[in-house]
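show me the folded form of this:
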Amino acid sequence: METLFRILALVVVALAAEPVLADPVGRVEYGPRPYYLIDRMSDGPLKERLQSCAGQEASTSLFSIGHRGAPMQFPEHTVESNLAAARMGAGILECDVTFTKDLALVCRHAQNDLHTTTNILATPLASRCVKPFSPARGGAPASAECRTSEITLAEYRTLTPKMDAADRSATTVEAYLGGTADWRTNLYAAEPATLMTHAESIKLFRSLGAKFTPELKAPSVEMPFNGFSQQDYAQKLVDEYKAAGVDPSDVWLQSFNLEDVLYWIEAEPEFGAQAVYLMDEYRLNGYSPMDPATWPHTMDELKSMGVQYIAPPTWMLVTLEGREIVPSALAVQAKEAGLKIITWTLERSGPLVRGGGWYYQSIAAITDGDGVMYEYIDALAQDVGVKGIFSDWPATVTYYANCMGLK
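You can find the predicted model right below:
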């Protein structure tokens, strides 16, 4: 497999516009993790159902969405990360989209994440960073900020991706570039992984037999940038699918900016029909998914605007009744309004014996071990009725989808 990755990386570098292999996925495989999680579940009907599926053949499912590929163990938004996700059965793959100084669309989680996701601070391009590396001193953490908008596409291609991490206690650049969480790994970042433009991601994902969910990321720069407006940005994203001849029904455009979603609905109705409004209302003071009075828009209002899909984080969709996971008020009203729901993100929380953190906050009282993960997935699928789940390790969701017949 390592040899295959090296060959693929060389092909992509040599033929930047054609990051494809003849048959790169082959047989879908789960690996050991789903079984590990099932083994740690409490005894009951759900565990028995999941155990009964242990011998079935794995297959791709649209319910399983690769979140930046498979970044629990691979550098995110790379060819290698997405190959891993496709091999674990993710039927939809994600490219978070931002832009370079010369307005090329590239796959990065944020316009200003190069200092944690690449080796830029250890290259001459460090001089372009809006905030140079500052070592930890006097109680202040180490810091830096490097943006794709400060470098050209050609310069971007010279960078080496790494696991998204930074050691905030570092006093040197070398140390700062470390910091990978102890439950992740640098094993698949030891040799250079392969960065992608958005157009290259389209070609790769198509070659993998996957569908597409690009997210238009909020710019870190003031718009318009070099004459490039927010609407130009939203339109260019769609235009790259049109140029590639992609069927709009295979694309779920995403944005946290409701105005982007409404733009697509109006200007590109075929693509806008599946545009996904990513919900971050939790950032608002006093917001609660259990209290409609705190919501900036009701679910009926979103539907009346033409929005068909919403994507809140997992914890916003559920709450507890005793020790039972049940739909939140947000989930109930979204379903009543006829909105379809996608949610994010599993496998970003480390061992659940530690409590699960942010993504499990609404069920923290019962999150005491890894076996809870499949209870969570089951509640989201069966009770909330989500159409898909983003995961940093797609095999976990793929196993559940296959077992429950979710295509």
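
domain parsing of the chain, as residue ranges.
Annotated domains of the chain cover 20-95+196-213+279-404, 108-189 [automatic domain parsing].

quick check: nearest residue in space to A334, chain neighbours excluded?
Ranked by CB to CB, 6 or more residues apart in numbering and with sequence neighbours excluded, the top spatial neighbour of A334 is M299, at 4.7 Å. From N, CA and C alone the C-beta is placed, and that goes for glycine too.

how much space between the one you found and W252?
Separation of M299 from W252 (CB to CB, to the nearest Å): 19 Å.

can you report phi and psi for I325?
phi -80, psi 130 (degrees, to the nearest 10).

can you tell me which residues contact it?
With contact set as CB atoms under 8 Å, 6 or more residues apart in numbering, I325 has these partners: V318, T319, I363, I366, E375, Y376, A379, D383.

check Q308 too.
Applying CB under 8 Å, 6+ apart to Q308 gives the contacts A273, Q274, A275, L339, K340.

E270 too?
Going by CB under 8 Å, 6+ apart, E270 touches P248.

cool, and the one 4 residues further on?
Taking CB under 8 Å, 6+ apart as the definition of contact, the neighbours of Q274 are P248, S249, V251, W252, L253, Q308, Y309.

element containing it?
Under the criterion DSSP states H and E, no helix or strand holds Q274.

now the domains of the chain as a markdown table including distance to L237?
Below are these laid out as a markdown table (distance: least, CB to CB, whole Å):
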| stretch | distance to L237 |
| --- | --- |
| domain 20-95+196-213+279-404 | 7 |
| domain 108-189 | 14 |
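
ok, back up a step: tell me which two of the contacts of I325 sit farthest apart.
Greatest spacing in those, by CB to CB: I366 and D383 (14.8 Å).

quick one, which of M299 and W252 is more surrounded?
Each of M299 and W252 has its neighbours counted (other CB atoms under 10 Å); W252 has more, 27 against 22.

quick check: C107 touching M196?
Yes: C107 sits in contact with M196 when judged by CB atoms under 8 Å, with a separation of 4.8 Å.

what's the overlap in contacts for the two?
H77, C95.

so what does C107 have for phi and psi?
When read as degrees, to the nearest 10, the backbone of C107 gives phi -90, psi 110.

if you could redo that for L93, that was the one I meant.
Here is the backbone geometry of L93 (degrees, to the nearest 10): phi -120, psi 150.

now do the contacts for it.
Shown in contact with L93 (CB under 8 Å, 6+ apart): 65-66, 69, 82, 85-86, 201, 205, 208, 210-213.

try E29
By CB under 8 Å, 6+ apart, E29 lies in contact with A58, R87, M88, A395.

kindly report the same for I92.
Neighbour list for I92: L62, S64, I65, G66, A210, K211, F212, T213, W252, G388 [criterion: CB under 8 Å, 6+ apart].

what kind of secondary structure is it in?
Assigned by DSSP: H, G, I helix; E, B strand; the rest coil, the conformation of I92 is strand.

with I389 as the reference, measure out to it.
10 Å.

quick check: neighbours shared by those two?
Common contact partners of I92 and I389 (CB under 8 Å, 6+ apart): S64, I65.
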